[in-house]
Each structure stands twice: as structure tokens, then as C-alpha cells.
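Participant: Here is the input, now give the coordinates:
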Amino acid sequence: MSKIRNHYSESFKLQVLSDYYANGSHSKATAKKWNIPHCNLYRWLEASCENEKKVVSLQPETKNGLIMQDNQPTIQELQQQVLSLQKSLELERLRVIAYERLIEIVKKEDGIDLLKKGGAKQ
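Facilitator: Okay, the predicted model is just below:
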């Protein structure tokens, strides 16, 4: 019984290689994701390194330094996201103040300095 050989187009190979480089995942994971044999991906990687004509872009396409995506968020969505992040930041600042106050109270009442390292020489 002979093996069935799959012939992949150059555009498909470049798509797989681009995905491999962009995600930084392991070659076996990329091969599994694209449902191709790992040995094929390995050969394509070797060939792309040897042949300078096959250039795989590591960065998404940009126009004037902005990433071009099909689903760009609107200004209103971005403003809501900024407000949400500002609120989260303020809550974290309050949490830090609360922890600092807690450390002061423990030091004052129990005489335990939580900021000192346990094994440090005194």
C-alpha cells in the first residue's frame, strides 16, 4: 500500500509558517493545529531559512504604525475600556494603602515587622 502524498500550496505553507512564527508555539503544536505532519513543517522551516526569497513576516501588516485588523474597536469602546482600567487601577491603589496600613498595625500591636526578610541578619 502506497502513502498518499499531500501537495500543499506555497500560500498555505507561508500561512502555516507565519502562524508558527507569530504565535511562538512549538512546531508540533502548530503542525497539529494545521493538521499536517510535523516532518512537513520541519522541512518547510528549514527551506524558509535557506531560501531568502521566502520571507515570512513576523509582524502583522501595519499602515502608518497602526495594526490593521478586521475587528478594530470603536473609539467609544476604547474609552469605556480606559475608564474600566482607571477604575481598576484606583482600586489596586486603595488595596496597597490598606495593606500598608495593615502592616503598620501589626508592627505596632504585635511588634512583628512583616517587611523584614525572615533569614536576614540583624
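Participant: What ranges in the chain fall below the confidence cut-off?
Facilitator: 1-5, 49-71, 116-122 (pLDDT under 70).
Participant: And for the most centrally placed residue in it, nearest residue in space, chain neighbours not counted?
Facilitator: In the chain, the residue lying closest to the centroid (Cα atoms, centre = their mean) is Asn23, at 7.6 Å. Spatial nearest neighbour of Asn23, chain neighbours left out: Thr30 (7.2 Å); criterion: Cβ to Cβ, 6 or more residues apart in numbering. (Glycine included, C-beta is placed from N, CA and C.)
Participant: For the one you found, which residues are in contact?
Facilitator: Contacts for Thr30 were tallied using Cβ atoms under 8 Å, 6 or more residues apart in numbering; they are 16, 19-20, 23, 41.
Participant: Repeat the analysis, applying 10 Å as the threshold.
Facilitator: 16-17, 19-21, 23-24, 36, 38, 41, 45 (Cβ atoms under 10 Å, 6 or more residues apart in numbering).
Participant: Show residues contacting stretch 87-106.
Facilitator: Residues contacting stretch 87-106 (Cβ under 10 Å, 6+ apart): 112-115.
Participant: want to throw these into a markdown table with secondary structure?
Facilitator: Shown next, in a markdown table, are the contacts of stretch 87-106 (DSSP: H, G, I helix; E, B strand; the rest coil):
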| residue | secondary structure |
| --- | --- |
| Ile112 | coil |
| Asp113 | coil |
| Leu114 | coil |
| Leu115 | coil |
